[in-house]
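> missing the sequence, but the structure's below:
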């Protein structure tokens, strides 16, 4: 997603049809910290960027966190 999460997520949202699903897979920063000196998200970070556009559920599969977002109408 790069550094500008809001812009990236908005672009994804605008390109999806109603009731589409968007899946984000990240290293779970809540459990493993930041990897490789880059940015990793935890649940709170993903909620902050996704909930303006998606209803979000999570699956945790160490060391990953998988956010499944259903597009809001």
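Structure's in. What do you need? Source: prediction; values computed, not measured.

> please enumerate the helices of the protein.
Ranges of helices in the chain, per DSSP state H, are 5-15, 29-32, 43-50.

> which residue is the nearest non-sequential neighbour of residue 20?
Excluding the flanking residues, the one nearest residue 20 by CB to CB, 6 or more residues apart in numbering is residue 71, at 4.7 Å. The C-beta positions use only the backbone N, C-alpha and C, and glycine is treated the same way.

> spit out the contact partners of that neighbour.
Going by CB atoms under 8 Å, 6 or more residues apart in numbering, residue 71 touches 13, 16, 17, 18, 19, 20, 21, 22, 53, 54.

> out of these, who has the most neighbours?
The residue in the contacts of residue 71 with the most neighbours, by other CB atoms under 10 Å, is residue 54 (24 neighbours).

> isn't that one up against residue 69?
Yes. In this structure residue 54 lies within contact range of residue 69 using CB atoms under 8 Å: 3.0 Å.

> what residues do the two have in common as contacts?
Residues within reach of residue 54 and of residue 69 at once, by CB under 8 Å, 6+ apart, are residue 22.

> ok, back up a step: next one: the residue nearest to residue 20, what pLDDT does it get?
At residue 71, the predicted lDDT confidence score is 93.

> now swap in residue 38 and tell me
Here, the pLDDT recorded for residue 38 equals 62.

> can you check residue 32 too?
Residue 32 carries a pLDDT value of 81.

> ok, it - contacts?
Residue 32 makes contacts with 40, 62, 63, as judged by CB under 8 Å, 6+ apart.

> can you list those residues in CSV and add neighbour count and distance to residue 9?
Converted to CSV, the contacts of residue 32 look like this (neighbours: other CB atoms under 10 Å; distance: CB to CB, whole Å):
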residue, neighbour count, distance to residue 9
40, 19, 16
62, 9, 25
63, 14, 23
